[in-house]
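*Asks:* sequence? don't have it. structure:
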């Protein structure tokens, strides 16, 4: 398991139009997770940097909101085209710093470009309306949609292009300026997105990018009266902390938090399709996906066949550095993930679960962990309640549809869920009964630009994508004229 050596660009902050490099300031290393080697040093934003960014964002908002939606769309569409032109270079950067296989990186860049295109057109449709008045001859009542203001956005490392793209595209299309703090593990990809926007003609102050201590940056930005909205993608624990900070300033927040997605496979499912797609999506990005299928609930009549075939297919996946030819699953993003995942597997096995394949870290450089399958898992095993966020499938059984719904809803999470059945009554019962912001039936494609992406319960609130994604960056103003 090796990774081909590739060029990785020097890193910088982007504040008030200035690119601030690593020279003569605190830095932190960016690691190649496939080898453990240092790729570059990332500069850390100071308090002075953050105050400069806030001041610049406030100034930029006044100008950017005055740019017509038509002209904002031209810039976003051009940025999308540039991302597509630069796919290969950005994808290699992403694989080097995040670990996913190269083809997944390429697909992610394409998805990010789609988001810019979608937001460009949705921004032109931020319609108001005229409301008929009680005295139509003398009064006019109109409803306007205005950008909410300066946005502070925070994104994780698992999708270093897709998630920043959602926040950048939505805020800019609505007429907001934005300060974004992407993950320190994957800065190169996020900076490439920003470069595409700037090359497309975005005013330099309209979008700014900072890195450093996540807790300090988030608390500083959210506390500022300049910031009027936050958008965060990450863990439920951190999301709760940021929601508390936002509430203190009565600030709007969009939170896309953790999940532990159930997959209900009934006896009336197309079993071949269910197994093929389940293995493919379970181990995509080494399972480091907030909507990754993780709790497989399989009806008892097909449980043994599903589990054995799933485990065989998982064991055949080729795990290698993301730039290697033929790699089907790359490394985990960091050592923390590997330690956490292995702890969940060991806990389940100790309590009596059966390990069908995988279950032990590779003794190689980098942060690799094999595709792992657990069956016959006792109810008290941590993996049934804690999101693994890694390449581990937990397969359990159920008897009646009501039992599957109850188990799917048992946890406080409600981000994504999946159903495999060809029976209409089962389809209706499951999609009506399961508590989740997104449900995929006979497929896993719940994340595309044109539909809302978001959860319920402790998986957060608000949506990104679709019409709803633009709504979260707009405020409503009514104007009555006599």
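*Replies:* Yes, it's here. Quantities reported herein were computed from a predicted structural model and do not represent experimental measurements.
*Asks:* From here on, just use CA atoms for contacts and neighbour counts.
*Replies:* Will do.
*Asks:* Centroid-wise, who is the farthest residue in this protein?
*Replies:* The outermost residue of the chain relative to its centre, with distances by C-alpha atoms, centre = their mean, is residue 137 at 50.6 Å.
*Asks:* Which secondary structure state is assigned to that one?
*Replies:* Per DSSP: H, G, I helix; E, B strand; the rest coil, the local secondary structure of residue 137 is coil.
*Asks:* Next, find the distance separating it from residue 144.
*Replies:* Residue 137 is 21 Å from residue 144, where distance means C-alpha to C-alpha, to the nearest Å.
*Asks:* Identify, by residue count, the longest helix of the protein.
*Replies:* helix 102-123 (DSSP state H).
*Asks:* Skip ahead from that one and say which helix or strand is next.
*Replies:* Downstream of helix 102-123, the next assigned helix or strand under DSSP states H and E is strand 129-131.
*Asks:* Neighbouring strands - and their directions - for that following strand?
*Replies:* strand 140-147 (antiparallel) (DSSP bridges).
*Asks:* For the helix or strand just after the strand it pairs with, name the packing helices and strands.
*Replies:* Note on strand 140-147: by DSSP H and E, the next helix or strand toward the C-terminus is strand 150-154. Judged by 3 or more C-alpha pairs under 8 Å, 6 or more residues apart in numbering; DSSP states H and E, the packing partners of strand 150-154 are helix 47-64, strand 178-181, helix 214-223, strand 227-233.
*Asks:* what is the rounded mean pLDDT of strand 150-154?
*Replies:* For strand 150-154, mean pLDDT is 98.
*Asks:* Now do that strand against helix 214-223, angle only.
*Replies:* For strand 150-154 against helix 214-223, the angle by axes from the mean of the first three to the mean of the last three C-alpha atoms, to 10 degrees is 160 degrees.
*Asks:* strands paired with strand 150-154, and their directions?
*Replies:* Strand pairing (DSSP bridges) places strand 150-154 next to strand 178-181 (parallel), strand 227-233 (parallel).
*Asks:* if you compare these, which one is most tucked away?
*Replies:* strand 178-181 (a mean of 27; mean count of other C-alpha atoms under 10 Å).
*Asks:* Which strands or helices does the helix or strand that that strand is followed by pack on?
*Replies:* Following strand 178-181 in sequence order, the next helix or strand is helix 187-199 (DSSP H and E). Counting contacts by 3+ C-alpha pairs under 8 Å, 6+ apart, helix 187-199 packs against helix 69-85, helix 87-98.
*Asks:* follow-up on the earlier one: contacting residues around the residue farthest from the centre of the chain?
*Replies:* Residue 137 sits next to no residue when contact means C-alpha atoms under 8 Å, 6 or more residues apart in numbering.
*Asks:* quick one, phi psi at it?
*Replies:* phi -80, psi -20 (degrees, to the nearest 10).
*Asks:* Distance of it relative to residue 226?
*Replies:* Using C-alpha to C-alpha, residue 137 is found at 41 Å from residue 226.
*Asks:* Surely residue 37 touches residue 31?
*Replies:* Yes: contact criterion C-alpha atoms under 8 Å: residue 37 and residue 31 qualify, at 5.7 Å.
*Asks:* Tell me if residue 374 really is in a strand.
*Replies:* Yes: assigned with three-state DSSP, residue 374 falls within a strand.
*Asks:* Neighbours of it, how many?
*Replies:* Residue 374 has 23 neighbours, counted by other C-alpha atoms under 10 Å.
*Asks:* what's across from it in the sheet?
*Replies:* residue 355, residue 394.
*Asks:* State the pLDDT value of it.
*Replies:* On the pLDDT scale, residue 374 gets 98.
*Asks:* contacting residues for it?
*Replies:* So residue 374 contacts 345, 353-357, 392-395 (C-alpha under 8 Å, 6+ apart).
*Asks:* and the gap between it and residue 335?
*Replies:* Look at residue 374 and residue 335: by C-alpha to C-alpha, they are 22 Å apart.
*Asks:* Distance of the residue farthest from the centre of the chain relative to residue 478?
*Replies:* 19 Å.
*Asks:* Near the residue nearest to residue 197 when sequence neighbours are not counted, how many other residues are there?
*Replies:* Of all residues not flanking residue 197 in the chain, residue 79 sits nearest, at 5.0 Å (C-alpha to C-alpha, 6 or more residues apart in numbering). For residue 79, the neighbour count with other C-alpha under 10 Å is 26.
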